[in-house]
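1. 3D, please:
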Amino acid sequence: MFSALIKRHNRILLLVALLVSCLNLDLFVRASAQELTVKASFAERAISPGEQITLQLSRPLQPSEGRIGVLIGTTDWTSLFSVAPDALVYTPQVPLPAGESEVIVYLVTGENDWREIARFPLRVEDAQPSAPQPQDATQNNGSGKMEFTPSLTIGIKSQAAEAHFPEANRPERETFTDFTLQGSLKSNFTRGAFGSEMQFDIAGSSYRNEALRFAQEGDRAPRIDLASYLLQFKAGKARIQMGHIAYGTNRHLINSFSSRGISLTFPITRRADFSLAAINGSSIVGWDNFIGLSRRKHQIVTGSLGLEIFPERPGGLRIEGGLLHGSLLPINNFNQGNITDAEQSKGLSVRVVASDPSQRIRFDAGFARSRFNNPSDPLLNQSFDVVSVKEDARNARYIDASFDILRDRPISATRKASLTFNYRHETIDPLFRSVTAFTQADRFQNQFEAVATVADVTATISHWRYNDNLDRIPSILKTLTRRSGVIIGAPLVSLLGDPANPSPWFPRVSYGYDRTHQFGASLPLNSDFALSHVPDQISTNQNALAEWQFQKARFGYRLNHSFQNNRQTGRELADLRNLINGFTIGVTPHAKVDLNVEVSLESAKNFETDRIDHLNRIGTNVNWLVSNRSTLTATVSTIFAGDVAGASQSRNVELDAQWSYRFALERSRYRKVQGQFFVRYANRYARSLDNLFGFNNLTKFQTLNFGLSFTFF
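-> Predicted coordinates:
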């Protein structure tokens, strides 16, 4: 009955998409997979361990392109992010690792090829005692203070109806009603120089497949489990941590390695400090292995000694030395599933961080030496005669240096100029490996970069050189990469108009050019390689963007042109060209209504097969703040794709609509309830035709979902 009510939905949705696009007058560019960009909500500030973070995509990812993978430090956090059409959102179940680490975003193709598309620094502040909030139970005892903050969220999510075609696409559960639970308990106590902090987080689901440890335990996974915990005790500058911690500052040996364990940090003198940590070898959750050190052969023991040459100016010249001993069993992280092997490594590291008093010169360099071993694993060997891995010690080093040649140098009464030069170097020996850091071995690279700002005009020029086969083995292909790029951005009003009285008709423009040359150094000796196997390819990518911003409207145009010139012997015609024209218009007719439409026109030519493909997309988005507590959002998009010769064609239509309502009840300081109710409808239609092979595939999928959540305290 449900599917009958929306019969012939594909034509209706297509008509709705075109009509809404015309009414809203909002065109937005959709770039190809090569230009997918990401913005992070945390890129320029420090956040708390329990703060929600968002990775905003420049456009929705198409199913044919693959999926997004997210690593924080060396741990895969992908499964913990909720995925929206153009964003990934992490609502903390496991607190983010304290300290500094990196968030690396990958595009993972169907062949499981992980291609990095973005990298962001993540600074997570240690939980510090704060001023009492209204929901906290706070006690003051003379010179001491205690805070107690509980939180409990109970949710219900239901899929009331579902329709699909063909029958082979029937989901595992057509309809369902699940209950979810998230709880947090925090406490802070301070008295003089002493302080203690505690945080426990639990998560649960009535659907066992969504339990925290389902990937590991299957049907034995607890429905309610410990997601994370952290205990901290401080006395002056000395600190002890137990629970989910992050440790390490050397990018090649151990760098913000996050897992459950114990760490100790304390000052030895005014200039020197020492830290020691014992950490579980993989990311874990649950009440089992509470401290994280129950498996001696699956843990990391590491320590570091730091020396501040100028204690009155921390970071002016700091020297750190570290040691590591790690042993891993073939055990995955709780949210990963892959084949692993037993590993062992021992290593030492040295890091030097320096800067001048004015911070014009900044320097960060590190060296690591690691001895890695793969002990025999009978489970993987399967009684085969396997050649054992030779234990060997290898080195890695890096240098990051910056120099502000000009800093806010006045060039007129109202304009200033800045110029910064950056240099980055990295060398990683062949077969270098550490059990606590992901590195690409056999790598040598240098990067030079100049960043200039003149008034409101910014320009970045960079050159990057890379090669492998550092041992110069004649029978192995040596590949070289040379990459150069320039990015320029400027608001035209500062160049052509009056900055004191800016006109919205002057857009902000930017242009980017990137050229990459990848080629083989020579034909390997004593190998089966022919000249046609030696790569030689030049790729160029150009982007031009113009954006206009008016009081109640915005408009933008983007042009992208990329060309892949294959100069490999015998493959000279295997060239590819891609051209994209995109437009954006946004209208805000009312303070509570925002209308957006997006259109992109893409053309791709394969010179080797003489084939031209087109991909055109029209999409629209409406956000309506019905009231202070109620919001209505709707997104409609359609994609047409096919080649000029008519050999194949496809059409995809997507509709998403959601209405949500927030409510709150407060009767006293400790009796508070907040909640949210939502109704969500989703519709997917896809049809693909291939006249050459006779394929005619049609898929339909619709869902109607409800949700209700209550947050107490």
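
2. Specify the beta-bridge partners of the residue lying closest to Ala46 once chain neighbours are set aside.
-> Nearest residue to Ala46, sequence neighbours excluded (CB to CB, 6 or more residues apart in numbering): Arg123, at 4.1 Å. Heads up, the C-betas are built off the backbone N, CA and C, glycines and all. Following DSSP bridges, Arg123 is listed with bridge partners Glu100.

3. Give me the pLDDT value at Arg123.
-> Here the pLDDT value assigned to Arg123 is 78.

4. Could you do Pro92 as well?
-> pLDDT, Pro92: 68.

5. how about the helices in the stretch 201-350 of the chain?
-> Applying DSSP state H, counting those that start in this stretch to the stretch 201-350 of the chain gives helices spanning 214-217.

6. again, but for the stretch 401-550 of the chain
-> Assignment of helices within the stretch 401-550 of the chain using DSSP H, counting those that start in this stretch yields the ranges 492-496.

7. Can you pull out the low-pLDDT segments for it?
-> Across the stretch 401-550 of the chain, the ranges flagged by pLDDT under 70 are 499-500.

8. ok so, going back, can you count the residues close to the residue nearest to Ala46?
-> Arg123 has 15 neighbouring residues, counting by other CB atoms under 10 Å.

9. Verify the stated contact: it with Glu100.
-> Yes - using CB atoms under 8 Å, Arg123 is in contact with Glu100, at 5.5 Å.

10. Can you give the distance from the helix or strand Ser187 falls within to the centre of its chain?
-> Using DSSP states H and E, Ser187 falls within strand 176-191. Centroid separation between strand 176-191 and its chain, computed with CA atoms, centre = their mean, to the nearest Å, is 25 Å.

11. Contacts only, for the residue nearest to the spatial centre of the chain.
-> In the chain, the centroid-proximal residue (CA atoms, centre = their mean) is Val105; its distance is 3.4 Å. Val105 is in contact with 38, 55, 68-70, 116-120, counting by CB atoms under 8 Å, 6 or more residues apart in numbering.

12. Nearest to Thr609 among those residues?
-> Ranked by distance to Thr609 (CB to CB), the contacts of Val105 are led by Ile117 at 27.4 Å.

13. May I have the residues that are in contact with that closest one?
-> In this structure, Ile117 makes contact with 36-38, 105-107, judged by CB under 8 Å, 6+ apart.

14. mind running it again at 7 Å?
-> Residues counted as contacts of Ile117 (CB atoms under 7 Å, 6 or more residues apart in numbering) are 36, 38, 105-107.

15. same deal with Gly286?
-> Going by CB under 7 Å, 6+ apart, Gly286 touches 212-213, 225-226.

16. And the helix or strand containing Tyr685, what's buried?
-> Assigned by DSSP H and E, Tyr685 belongs to strand 671-690. Residues 675-676, 678, 680-686, 688-689 are the ones in strand 671-690 that count as buried (16 or more other CB atoms under 10 Å).

17. With stretch 598-617 instead?
-> Quick answer for stretch 598-617 (16+ other CB under 10 Å): 598-602, 604-606, 613, 615, 617.

18. now, which of those sits nearest Pro524?
-> Pro524 lies nearest to Asn606 out of these, by CB to CB, at 29.2 Å.

19. quick one: the closest residue in space to that closest one that isn't next to it in sequence and Asn565, what's the gap?
-> What sits nearest to Asn606 in space, not counting adjacent residues and going by CB to CB, 6+ apart, is Leu576, at 5.9 Å. Using CB to CB, to the nearest Å, Leu576 is found at 9 Å from Asn565.

20. low pLDDT regions in the stretch 1-150 of the chain?
-> Low-confidence segments of the stretch 1-150 of the chain (pLDDT under 70): 1-35, 44, 50, 62-64, 74-76, 79, 84-85, 92-95, 110-113, 126-144.

21. quick one, strands of it?
-> Under the criterion DSSP state E, counting those that start in this stretch, strands of the stretch 1-150 of the chain are mapped to 38-40, 53-57, 67-72, 75-76, 82-84, 87-90, 99-108, 114-124, 137-141, 144-165.

22. Please name whichever of those is nearest to Asp514.
-> Comparison of those against Asp514 by CB to CB identifies strand 114-124 as nearest, at 13.7 Å.

23. got the buried residues for that closest one?
-> Across strand 114-124, burial judged by 16+ other CB under 10 Å covers 117-118, 120, 122, 124.

24. Please apply the same query to stretch 503-522.
-> For stretch 503-522, a neighbour-count test (16+ other CB under 10 Å) marks 506-512, 514-517, 519-520 as buried.

25. hmm, back to that, of the contacts of Val105, closest to Ile405?
-> Here the nearest of those to Ile405, counting by CB to CB, is Arg119; it sits at 25.6 Å.

26. Can you name the residues that contact the closest one?
-> Here Arg119 is in contact with 102, 104 (CB under 7 Å, 6+ apart).

27. who does it bridge with?
-> Per DSSP bridges, the residues bridged to Arg119 are Ile104.

28. Pull up the gap between it and Ile72, please.
-> Distance of Arg119 to Ile72, given as CB to CB: 11 Å.

29. ditto for Lys416
-> Distance from Lys416 to Ile72, by CB to CB: 37 Å.

30. Good, we can wrap up now.
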